[in-house]
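Asker: okay, predicted coordinates and the sequence, questions at the end:
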Number of protein chains: 4
Amino acid sequence: MIIVIRPHTSEALIEEVIREVVKLGYEAAPIHGATQTIVAAIGDESTHQTLESLDALPQVERVLRVQKRFKLASRESHPADTVIDVDGVKIGGGHFALMAGPCSVESEEQLLSTARQVKACGASILRGGAYKPRTSPYEFQGLGKEGLRLLVAAREETGLKIITEVLSERDVEHVAASADILQIGARNAQNFQLLIECAKSGKPVLLKRGMSERIEEWLLAAEYILAHGNPNVMLCERGIRTFETYTRNTLDLAAVAIAKKESHLPVIVDPSQGCGRADLVTELCKGAVALGADGLLIEVHPNPAEAMSDGQQQVDFDSFARLARGIEPFLKATGRA
Amino acid sequence: MIIVIRPHTSEALIEEVIREVVKLGYEAAPIHGATQTIVAAIGDESTHQTLESLDALPQVERVLRVQKRFKLASRESHPADTVIDVDGVKIGGGHFALMAGPCSVESEEQLLSTARQVKACGASILRGGAYKPRTSPYEFQGLGKEGLRLLVAAREETGLKIITEVLSERDVEHVAASADILQIGARNAQNFQLLIECAKSGKPVLLKRGMSERIEEWLLAAEYILAHGNPNVMLCERGIRTFETYTRNTLDLAAVAIAKKESHLPVIVDPSQGCGRADLVTELCKGAVALGADGLLIEVHPNPAEAMSDGQQQVDFDSFARLARGIEPFLKATGRA
Amino acid sequence: MIIVIRPHTSEALIEEVIREVVKLGYEAAPIHGATQTIVAAIGDESTHQTLESLDALPQVERVLRVQKRFKLASRESHPADTVIDVDGVKIGGGHFALMAGPCSVESEEQLLSTARQVKACGASILRGGAYKPRTSPYEFQGLGKEGLRLLVAAREETGLKIITEVLSERDVEHVAASADILQIGARNAQNFQLLIECAKSGKPVLLKRGMSERIEEWLLAAEYILAHGNPNVMLCERGIRTFETYTRNTLDLAAVAIAKKESHLPVIVDPSQGCGRADLVTELCKGAVALGADGLLIEVHPNPAEAMSDGQQQVDFDSFARLARGIEPFLKATGRA
Amino acid sequence: MIIVIRPHTSEALIEEVIREVVKLGYEAAPIHGATQTIVAAIGDESTHQTLESLDALPQVERVLRVQKRFKLASRESHPADTVIDVDGVKIGGGHFALMAGPCSVESEEQLLSTARQVKACGASILRGGAYKPRTSPYEFQGLGKEGLRLLVAAREETGLKIITEVLSERDVEHVAASADILQIGARNAQNFQLLIECAKSGKPVLLKRGMSERIEEWLLAAEYILAHGNPNVMLCERGIRTFETYTRNTLDLAAVAIAKKESHLPVIVDPSQGCGRADLVTELCKGAVALGADGLLIEVHPNPAEAMSDGQQQVDFDSFARLARGIEPFLKATGRA
C-alpha cells in the first residue's frame, strides 16, 4: 500500500507513520518527492491488516491500495476459462447457454407452456422464480415450494435444467434439492451469509451484480463463494442503477469484457432486468453476445401484460423465437455455434 | 394508475388496454387529450395487481403510479411522531439520542474504554459490531458471540443501551437476546427475509438505507418490518453511492427532512459511514441535527489508526468530546436539550 | 399533463387547481379515484406553459408530463432514418462510418502518420482535437489554428473527411471553414449558445451526450440544433458518469438502441472516452456495432504512452488494424458491408 | 505519480517504464514489493506532462496521482478565507450573504415586489435570470437585455446588489456592465471559454458545481478563473445528479465542509436547485448554514404556481420570511450574526 503524506509534514510526523506501518507488519520505504513524501508499505496486502486506517492520522493525505483484493476469482490464479458443467450442459470456455423462462412461476400451465417454447427455440436452462424479492411487502411473493415442484415437473417433461433464486439461508437446502443452479439476486449480492450457505450446497451459483456494486466488489462477492469451497460460480451482469430513467437500470456491457479479462468465471447477461423493457431485450442480447457473454438469462411469459411480476420486461413467445434466431449471427461472429 | 397510450393509436387498440384494466379489477376512465389518450385506472393500487405489466403492450407508452406504496410507514396513516422507548431511552418526537462506539468490537479494553468515554460525553446508546459484513472474505469478520458478550458487559458497567448489527437470519434470536436495538446494514437493506426475522424478534430495529436505495424503497423496506408486527423502526441515512470519490459515500441530508415529512418514524444519521472520513464527521453531525435528525450513530475508537476495520472514519476520544459539545448549539437551535 | 392531488383534499382546493389549469390554457378533466383525485390537463404541452409549477401548491402531490418534449428529433416526425452526406461520405440509414485519429493533434508527423494508417484500415473520417477542453488549466489545451491547418493538410493528402471539436462560439466560424463535421463535447452538451452557433454554420454536427445527461435531454439538445435549421445532427454516446471506477465512464450501449428507436438521427459510439482504457476499446466496438451504431469514433495514436492527452485510452496502429478487422463480422451480422 | 506494474513483469519491461518516466522529465524510484513493483515518479506534477498515458503500456496496471491538481484555489496556497467585497457587501470569512429573488425575471412588477420583500427579510443580493438555459428550445428563454434593465432598476430602488447568470461568451461584456456578480450555471460548469471570459471581466463570479462534477473538478474549474487573473470566485453547491427521484438533485452538503477545508473561497448553497421542491428549501437552508455555508441563493416568487420557470422550487413571500427567520438560530450557533 502507499501512504501519501501531506505537504510540509515534519520528519517526526513522517516517522510516526513509518512506525505504524512497521507495527502493522509491513516494511516501510519512504520516498521524498518534489512536494510530498510517500511511504510505500511492502508486504502482502491480503495477509496483513489493511493500512487504510492510517488515514485517521492528520498528516496522512490518502492511502492507496496496490494489490488486487480478489485471488481465487482472478485470471492470474486460474488462467484458463472455468467451464461449468450443469448435469451435462456446459457454460463458459466457448460454451454458450441460453437460459429463459418466466420472471415468476405462476401456474403449471404458464410454466410448462413457456418451458416447451424456450426449449423449442434452443434454450438449455429454464428460469423461474419461486421465491420473489419484492420491493413492497404487498406484492406477489412467489409460490414458494409449490413453485419449486412445478419447476421440477417442467424439468422432467422437457429435460431443461433449472435455475431459480434463493432468498433465505434457510431455503438453501431445499432449493438446492430441486434446482440445478442457485441464483443470487441483486438485492442479496452482498448478503455474505447467503453466499456462504449457497457455496456449501455444492450447486453451481449464478451471482448477480448488485445495483450499485463496483466490479471489484462483485468479484470479491464471488470470492466468498470460491473461498468457501465452491468453484462453480457464474457472474451475471444485470444492470446498474444510474440517473437515467428511460430504462429501469443501465446495462453495463463493458463489465462483461472486464469480468472476462479479470476473471476466469463465466459471465452471463440478464437484459430483462438490465433494461426493464421488453422492446429493448433483443438488441441488448446481440450486444451481450458480441462482447463475449457466455450466456443470457431472459424473461419470457405467455402473456406479459397479465404477468404477476415485471410483465413490462418479459418477452412473449413470438418475440423470444425472433430473439433466439436474431442472436445466431452474433454467436457465429464470435466463433460459437 | 395512469396508462399513457402512444400517439396515433387506433380505437380498437385503446379498447384492448381498457379491457385489460377492467380484467385486472380497476375501473377504466379514458381521457382523449390533444395528441394522446390516457386511461386512468381507478382502484386501490395496494389491493390490486399493479398495471405496470401493461407496458408490455406495444400501444402503451408508459404506466404511471398515482398512489404511494407505503402505508404503515406513512405520515398519513400515523400523523404523530413515533417515539421509541429503548428500555427507558426515548428516540423520536423531540427525543434525541447519541449512539456511539467502535466500528467493530475488538477487545474488552477497547470496548469498555470507549463505552466510558462516550457515556461521559452524553451518549445513551453504545454501538459496536460483533458480526461485520466485509467486502472481502479475507478481512476481519468480527468477534461474533464473544463480541456480544463484551457488549453486554459494557452495558452492565455503564448502563448504556446496546445497538449491534445482525447479518444472518440465524443470528437474530441470539443477537436479540443480548442487544437492545438490532441494526440492519446497508448491504442487507433489501434482504427481506432478514427484515422479517428481525420484525418477529420484537426488538427495535434501526434500518439503514441501501447504497443505491431510493427513499420510497427505504420506506417500503421499513414497511416490511411494520407489516410483520413490529412498530419500533428507526430509519438511518448513511450515505448513498454516487460518482464522487472524495468521500466514501454522499450523505443525503435532504433525505432526513424527506423521511420525517413522509413518515412518522425516527430518523437517525450515520455520518461516519456517510462520508468515510473522520475529519468531516463533526461538521456533518451539525448539519444532521439542523435538519432534524432524531439521533446520530457515530464511530469512536481509542486509536483509529490501528482499528481492525474502517479506522479512517472513526473519531478518537478527544474528537468525540469536541463533537458532542459542538452539536449542542444546534440541538438548542432546533428546540431540543 | 396530469396533476395528482393529495389524498383528503377538499373540493375547494381541487377547484383551485382546476382554475390554474384553465388559466394556463389547458382544459381540465378531473378524475376521482379510489383514494385520490387526479386532474388531467388537456392541451398541447409544447405550445403551452408547463404545469410543473403547480407543484408549488400544497394540495398538489405531483405533476406528470404525458407528451414527449422533442419533436423534430423524434421518429414520429420523421419515420425514415436520416442519412447525412459529408461531402460524399454517408452516415446513417445503413451507411456505417469509421472515424478515427488522435485525441489531440500534436504535430504534422503524428497526424499524418495516423491519418494514413486509419485510412488504410478503412476509416473514412479523421478525428483530431485542435481545441481541447481540459479539466485543469495547466494541461495541454491543443494547438488551435495550427491544429486546424494540419487537419486540412491531412485531408488534402488522404481524402479523409475531418471531424474536430469546437469549444467556443467565437471559434465556430473558422473551425467550420476547415472541418467537415463539428464535434460538441460532453462538457458542452448543454451549452445551448454553442449548439445554436453550430446549427447556424450549416455543417454536420456530432453531438456528444453529457456526462450525466438523460436520453431525453440529449434529444432535446439535438432539438436545439434542428430547431435552428440544421438537420444534419449525429448523436454520439460516449459513456455516462456512474459510481464504477474501473472504467472512466460507463458506456451506455442500450442508449444506442433507444436513440435509434426514438429518433431518426444517426448514432455514433465513442468507446475511447466511453471506457477510458485502450484494452477495452475493441470489445466495446463489437458491442456498439451489434446494437446498431451507425459509426464509431476511435482514438488512435502512433505512441499512446507519450500522447499529450488521454494516452491511456488511445490504441496504437497495430491495435487499430486488428480492431478494424475485428468488427467486420459484426457489421455483416447486422446486414452491413 | 506512482506507476503500478502488473505482477510477474520482467525486469526489461519494468526498465521500459522507467525509461519513459525519465523521458517525460521525472526521476524514477522503483520499489519492489511483495507481489508487485511500483515506480514512484518524482517531480512536480503540475509542470510536467501527466504520466497517466503510461497506462497504455501493457505492463502497467494503474497510474496514481499523488499531488493535488489545483493550486490557487487551495487552502495551502492561501490559508486565510477569501472575503469578497461586492460593492460593500462582504461574503466569506464570517460574512454571510442571503441572495434571493425569482428564478427568471418575468416583469417589472414581479421583480420589484420580490426585491422589496427579500430586502425586508434581510437579503443583501438580488438574484434573477435574464438569460435562462432551458432543457428544451421551446421553453421560455428569459427576457435578455430587458431583464438586465429591470434588474438594474431594482438595484436602484432597493440598493440590493445583483447576481445574474451569463450563458454566452458574447454576453459577458454587457451582463458585466449591469450585474454585480456573474453566475455560471451547472450546465456551463466546465465551459472553460465562458469561465475565462468571465474571469477577464473582473467581476466576482459565482461558479456552480456541475451536475456530475467531482469536487476536484469543481475546484479546477475555479482554478481556470483564478489563473486568468480574477481572485473573486465563489463556489456554489447546487445538488448533484443521482439515482434518487424524490428530489430533482441530491444536495451534497458534505461538499460545503469539504470545499471550505480544501479551499479558501467562499461557498454558497443553492437549495432551490438542490432539491427542486419548495417544501424542502427551509430545512436545507438550516443544514447549509450549520455546515458553514457563507451564503444562500434562494428562488423566491410572488406566485410560484404561475412562474414561467421552475415554479415548483420557488418559495412565496410568506415562506421566505419564515425561512429568513428560521435560519437565524443556526447562524448564531455558527458564531455569525
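Answerer: Sure, I can see it.
Asker: could you use CA atoms for every contact and neighbour count after this?
Answerer: Fine.
Asker: quick one: contacts for the closest residue to chain D within chain A?
Answerer: Taking Cα to the nearest Cα, chain D has its nearest neighbour within chain A at residue A:243, 4.4 Å off. Contacts for residue A:243 (Cα atoms under 8 Å, 6 or more residues apart in numbering or on different chains) come out as C:212, C:214, D:241, D:242, D:243, D:244.
Asker: quick check on the most centrally placed residue in chain A: phi, psi?
Answerer: Using Cα atoms, centre = their mean, the residue of chain A that lies closest to the mean C-alpha position is residue A:208, 3.0 Å off. Backbone torsions of residue A:208, given as degrees, to the nearest 10, read phi -80, psi 150.
Asker: pLDDT wise, what is it at?
Answerer: Looking at residue A:208, its pLDDT is 98.
Asker: my read: it touches residue A:236, true?
Answerer: Yes - Residue A:208 lies in contact with residue A:236 (Cα atoms under 8 Å); the separation is 4.5 Å.
Asker: ok, back up a step: for the residue of chain A closest to chain D, which three-state class applies?
Answerer: What DSSP: H, G, I helix; E, B strand; the rest coil gives for residue A:243 is coil.
Asker: with residue A:30 instead?
Answerer: strand.
Asker: do the same with the one 10 residues further on
Answerer: Under three-state DSSP, the three-state class of residue A:40 is strand.
Asker: show me what contacts it?
Answerer: Here residue A:40 is in contact with A:1, A:2, A:3, A:28, A:29, A:30, A:31, D:31 (criterion: Cα under 8 Å, 6+ apart).
Asker: burial count for the last one?
Answerer: Put plainly, it is residue D:31. Residue D:31 is flanked by 18 other residues according to other Cα atoms under 10 Å in any protein chain shown.
Asker: can you check the first one too?
Answerer: Residue A:1 has 22 neighbouring residues, counting by other Cα under 10 Å.
Asker: quick check: chain neighbours aside, which residue is closest to it?
Answerer: residue A:65 (4.6 Å; Cα to Cα, 6 or more residues apart in numbering or on different chains).
Asker: the third one too?
Answerer: Nearest residue to residue A:3, sequence neighbours excluded (Cα to Cα, 6+ apart): residue A:63, at 4.5 Å.
Asker: helix/strand/coil for that neighbour?
Answerer: Quick answer, by three-state DSSP: residue A:63 is strand.
Asker: please name the residues that touch it.
Answerer: A:1, A:2, A:3, A:4, A:51, A:52, A:54, A:55.
Asker: and what of residue A:210?
Answerer: Contacts of residue A:210 (Cα under 8 Å, 6+ apart): A:185, A:186, A:187, A:188, A:189, A:190, A:218, A:240.
Asker: in stretch A:32-48, which residues are buried?
Answerer: Judged by neighbour count using 16 or more other Cα atoms under 10 Å in any protein chain shown, the buried positions of stretch A:32-48 are A:33, A:36, A:37, A:38, A:39, A:40, A:41, A:42, A:43, A:44, A:45.
Asker: neighbours of the closest residue to the fifth one other than its chain neighbours, how many?
Answerer: In this structure, residue A:39 finds its nearest non-sequential neighbour in residue A:30, 4.1 Å apart by Cα to Cα, 6+ apart. Residue A:30 has 20 neighbouring residues, counting by other Cα under 10 Å.
Asker: is it correct that residue A:30 is in contact with residue A:42?
Answerer: No - Residue A:30 is not in contact with residue A:42 according to Cα under 8 Å; the separation is 10.6 Å.
Asker: may I have the phi/psi pair for the residue of chain A closest to chain D?
Answerer: Dihedral pair for residue A:243: phi -80, psi -20, per degrees, to the nearest 10.
Asker: so stretch A:224-237, near chain C or not?
Answerer: No - Stretch A:224-237 is not in contact with chain C by Cα under 8 Å from any Cα of the partner chain; minimum separation 13.3 Å.
Asker: just how off-centre is that stretch within its chain?
Answerer: Relative to its chain's centre, stretch A:224-237 lies at 10 Å (Cα atoms, centre = their mean, to the nearest Å).
Asker: circling back: could I get the contacts of residue A:210 as a markdown table with distance to chain B, neighbour count and pLDDT?
Answerer: Below are the contacts of residue A:210 laid out as a markdown table (distance: Cα to the nearest Cα, whole Å; neighbours: other Cα atoms under 10 Å in any protein chain shown; pLDDT from 0 to 100):
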| residue | distance to chain B | neighbour count | pLDDT |
| --- | --- | --- | --- |
| A:185 | 10 | 23 | 98 |
| A:186 | 10 | 23 | 98 |
| A:187 | 6 | 23 | 97 |
| A:188 | 6 | 27 | 98 |
| A:189 | 8 | 24 | 98 |
| A:190 | 6 | 29 | 98 |
| A:218 | 9 | 24 | 98 |
| A:240 | 10 | 25 | 98 |
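Asker: in helices, which of those appear?
Answerer: Counted as lying in helices by DSSP state H, out of the contacts of residue A:210, are residue A:218.
Asker: which of the contacts of residue A:210 sits closest to chain C?
Answerer: residue A:240 (8.9 Å).
Asker: many thanks, have a good one.
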